[in-house]
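Engineer: Could you look at this predicted model? Sequence included:
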Amino acid sequence: MARLSKLLEIGSSPHVTDGASTDVIMRNVFMALLPVTVFAVYAFGAGAALVIVAATASCVLTEHWLCRWTGQPSTVGDWSIAITGLLYGLTLPPDLPLWMVFAGGVFGVAIGKFLFGGLGMNAFNPALVGRAFLQAAFPQAMTHWQAPFAEGRFEHIPSSVLAMPFWEPAYDAVTTATPLALMKFEAEFAGGRELAAGLTSGSVGETCGVLILLGGVYLVARNMMNWRIPASIFATVAAVTWAFQLYDPATYPGPVFMLFSGGLMLGAVFMATDMVASPITNAGCWLYGALIGVLVVVIRFWGGMPEGVMYAILLANAVSPHIDNLIQPRVFGTGRGAG
Amino acid sequence: MGKKQSNSTDEFVKGLWRDNPVFIQMLGLCPALAVSNTAINALAMGAATTFVLVMAGLSVSLLRNFIPREARIVSYICIIATFVTCVDYAIMAISIELHRALGAFIALIVVNCLILGRSEAFASKNRPALAVMDGLGMGAGFTAALFFIGVMREVLGSGTLFGVDLFPGGFQTWTVMVLPSGGFFAMAIWLLLVNRIRQYQAEAEKRAGEQEAAS
């Protein structure tokens, strides 16, 4: 063995790594998402738990089956698909029928990830591809919001969750409008404290901004997430919203509302930072975040739908290769001061 | 075709499968994606296109020795546009609703590359009888392809077929299938199936050839 280790190893860069393989990073992302997930189940009950489990299972099974079908070793073991599935589940309404959850998961992984060549090749965030498909296919079910902290939410599973496949769900849970829908259609702005603590209705894992931020801080501290992307998104959204609120405070909500409502926190911290679909350079990340921020504000204020984080991130994903082309790192020893 | 004596049946049959305009030649995709949201729209579009294909093929074939090479595209377009205008008014007379559903896509048959392509590649080089059979075959293949796409989109997207409710009792419709993106999904699924079958056919032919060579 000693002689073997003296063999000359030939490979492309990077030659020095910090030992963080895909599964180490993904396990840390899982740790960061754990509080959000626990809170989601606490706030929305048994239905949300089933949705999260079904979302994860659909993504993992699809990936495993597609790998087997194409004669490749299964890539389920690196945890990345489980994280995709968990994130996908966190973006869904808590009383979505399980068969729709499955349909979206299969679509997101097969079309959004596998067709492009699997992990590392996907142009778009697969979790958001699945959600975008559901939004287009089942717009009513995707904008049906269960009230949080309902009585008996742990014993009672909403009937819509267990709807028969391909059949219209029947709803029995108490529903409310999301803060963004109230903003858009009633011009009512929810309070910042209520939003940050996650006391409002919304998708399973998007309501509690504080816990999402905590998870993000954990990942940034471990150097496993580019903090520039969420920072840039928050700064852009806050700046643009602030300007509009100065102009007309009755029509436009303030920056705190915009930052903590809807899927912005979850999207900015866990979706936009997808390592594959975001730009490589730091300057590129600032630009990418700013683009998402502007798109979110534009869609929320003037678009047809109350929420636009998903489309903003998908559009920015599409642009990110071009950002990489535009902003290229300076080659060492050239350019500035290199005589 | 090569040396093989081509007869009119061959010219008809090839449009159905081997040279199917939509699934194999990938021509005329704009109407195939745009007006295939219901089975009826798909059939109407197919019928209109078939009529124009046959009449344009016949006219181009009859005039093939008079049309100067340099001005052939312009001439084809004029011929095609004449028949498209006929179809446009005919559909308006038959059903104003259908005319509204198909909208601008009837007028756009003029620039359907399938018709121009068959005029250029086939009708301008062959006898009128063959050109008519080619037009009929291509038209039938085009109609069949649109029909398959249309059935998939209508059943999933509206839960109906020819406007008849297929699943009474609360079928969850897949709204996306009626939207333009649904056209791409349905098209892709059929293309996948067609290519898979063609792959099997090619493999079977190859195996048969090997066996023949071995024996």
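Structural biologist: Nice, thanks for sending it over. It should be emphasised that the depicted structure is a prediction, and the values quoted were computed from it without experimental measurement. Numbers count the residues shown, from 1 in each chain, chains lettered A, B, ... in the order given.
Engineer: what's near enough to touch B:D134?
Structural biologist: With contact set as Cβ atoms under 8 Å, 6 or more residues apart in numbering or on different chains, B:D134 has these partners: B:E11, B:F12, B:G15, B:G57, B:R118, B:F122, B:A123, B:N126. Where C-beta positions appear, they are placed from N, C-alpha and C, glycine not excepted.
Engineer: tell me, how many neighbours does residue 197 end up with?
Structural biologist: Answering for chain A, as no chain was given. Neighbourhood size, A:A197 [other Cβ atoms under 10 Å in any protein chain shown]: 16.
Engineer: was after chain B, sorry
Structural biologist: Look at B:I197: counted by other Cβ under 10 Å, it has 11 neighbours.
Engineer: same deal with B:I77?
Structural biologist: Neighbour count of B:I77, defined by other Cβ under 10 Å: 17.
Engineer: and if you look at the one 3 residues further on?
Structural biologist: For B:I80, the count of nearby residues is 24 (other Cβ under 10 Å).
Engineer: Correct me if wrong: it contacts B:V52.
Structural biologist: Yes - using Cβ atoms under 8 Å, B:I80 and B:V52 qualify as a contacting pair, with a distance of 6.3 Å.
Engineer: shared neighbours, those two?
Structural biologist: Both B:I80 and B:V52 are contacted by B:I109, B:I115, under the criterion Cβ under 8 Å, 6+ apart.
Engineer: For chain B, what lies in contact range of chain A?
Structural biologist: When proximity is defined by Cβ under 8 Å from any Cβ of the partner chain, chain B lies next to chain A at B:F167, B:G169, B:G170, B:F171, B:Q172, B:W174, B:T175, B:V176, B:M177, B:L179, B:S181.
Engineer: could you measure the second one against B:V178, distance?
Structural biologist: What it means is B:G169. Here B:G169 is placed at a distance of 20 Å from B:V178 (Cβ to Cβ, to the nearest Å).
Engineer: ok, those two, which is more surrounded?
Structural biologist: Taking neighbours as other Cβ under 10 Å, B:G169 and B:V178 compare with B:V178 leading, 17 against 7.
Engineer: from the contacts of B:D134, which is closest to A:W286?
Structural biologist: For the contacts of B:D134, the residue nearest A:W286 by Cβ to Cβ is B:R118; the value is 53.7 Å.
Engineer: Is the closest one within a helix or a strand, and which one?
Structural biologist: Using DSSP states H and E, B:R118 sits within helix B:113-121.
Engineer: got the angle for the next helix or strand after that helix vs helix B:113-121?
Structural biologist: Secondary structure here is assigned by DSSP H and E; on that basis, the next helix or strand after helix B:113-121 toward the C-terminus is helix B:128-158. Computed by axes from the mean of the first three to the mean of the last three Cα atoms, to 10 degrees, the angle separating helix B:128-158 from helix B:113-121 equals 160 degrees.
Engineer: pLDDT on helix B:128-158, on average?
Structural biologist: Averaged over helix B:128-158, pLDDT sits at 92.
Engineer: which stretches of the chain have low pLDDT?
Structural biologist: Unless you meant another one, I'm taking chain A. Within chain A, the stretches with pLDDT under 70 are A:1-9, A:14, A:17-20, A:173, A:336-339.
Engineer: Chain B, not that one
Structural biologist: Per-residue confidence of chain B (counting by pLDDT under 70) places the weak regions at B:1-6.
Engineer: Please tell me how far the closest residue to B:F12 other than its chain neighbours sits from A:R300.
Structural biologist: Beyond its immediate neighbours in the sequence, the residue positioned closest to B:F12 (Cβ to Cβ, 6 or more residues apart in numbering or on different chains) is B:G137, lying 3.9 Å away. Using Cβ to Cβ, B:G137 is found at 53 Å from A:R300.
Engineer: Counting neighbours, go ahead and name the busier of those two.
Structural biologist: Counting neighbours by other Cβ under 10 Å for B:G137 and for A:R300 shows that B:G137 has the greater number, 28 against 25.
Engineer: The more buried one: what's it in contact with?
Structural biologist: Neighbouring residues of B:G137 by Cβ under 8 Å, 6+ apart: B:E11, B:F12, B:V13, B:K14, B:G15, B:L16.
Engineer: Between which two of these is the distance greatest?
Structural biologist: Pairwise distances across the contacts of B:G137 (Cβ to Cβ) peak at 11.0 Å, for the pair B:E11 and B:L16.
Engineer: which of those two has more neighbours?
Structural biologist: Remark: of B:E11 and B:L16, B:E11 carries more neighbours, 23 against 15, as counted by other Cβ under 10 Å.
Engineer: Strands along chain B, start to end?
Structural biologist: For chain B, the strands defined by DSSP state E cover B:160-161, B:164-165.
Engineer: Redo the ones you listed as CSV? Include mean neighbour count.
Structural biologist: Below are these laid out as CSV (neighbours: other Cβ atoms under 10 Å in any protein chain shown):
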stretch, mean neighbour count
strand B:160-161, 16
strand B:164-165, 9
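Engineer: so how far is B:I77 from B:V52?
Structural biologist: 12 Å.
Engineer: re the thing from before, centre of the chain versus the helix holding B:R118, how much separation?
Structural biologist: Helix B:113-121 has its C-alpha centroid displaced from the chain centroid by 12 Å (Cα atoms, centre = their mean, to the nearest Å).
Engineer: Which parts of chain A belong to which domain?
Structural biologist: The domain map for chain A lists A:21-176, A:177-325, with the assignment taken from automatic domain parsing.
Engineer: now the closest residue to B:G139 other than its chain neighbours: how far from chain A?
Structural biologist: Leaving aside its sequence neighbours, B:G139 sits nearest to B:T50 (Cβ to Cβ, 6+ apart; 2.7 Å). As for B:T50, its distance to chain A is 32 Å (criterion: Cβ to the nearest Cβ, to the nearest Å).
Engineer: B:C86 now?
Structural biologist: Separation of B:C86 from chain A (Cβ to the nearest Cβ) stands at 38 Å.
Engineer: For B:L102, see how far away that residue is.
Structural biologist: Computed as Cβ to Cβ, the B:C86 to B:L102 distance reads 15 Å.
Engineer: What of A:A123?
Structural biologist: A:A123 sits 35 Å away from B:L102, going by Cβ to Cβ.
Engineer: do A:P321 as well
Structural biologist: A:P321 is 38 Å from B:L102, by Cβ to Cβ.
Engineer: What ranges does chain B have for its helices?
Structural biologist: Remark: helices assigned in chain B by DSSP state H are B:8-16, B:29-34, B:39-62, B:72-94, B:96-102, B:104-107, B:113-121, B:128-158, B:180-214.
Engineer: can you put those in TSV and add distance to A:G112?
Structural biologist: Formatted as TSV, the helices of chain B follow (distance: least, Cβ to Cβ, whole Å):
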stretch	distance to A:G112
helix B:8-16	35
helix B:29-34	21
helix B:39-62	29
helix B:72-94	40
helix B:96-102	32
helix B:104-107	31
helix B:113-121	31
helix B:128-158	20
helix B:180-214	13
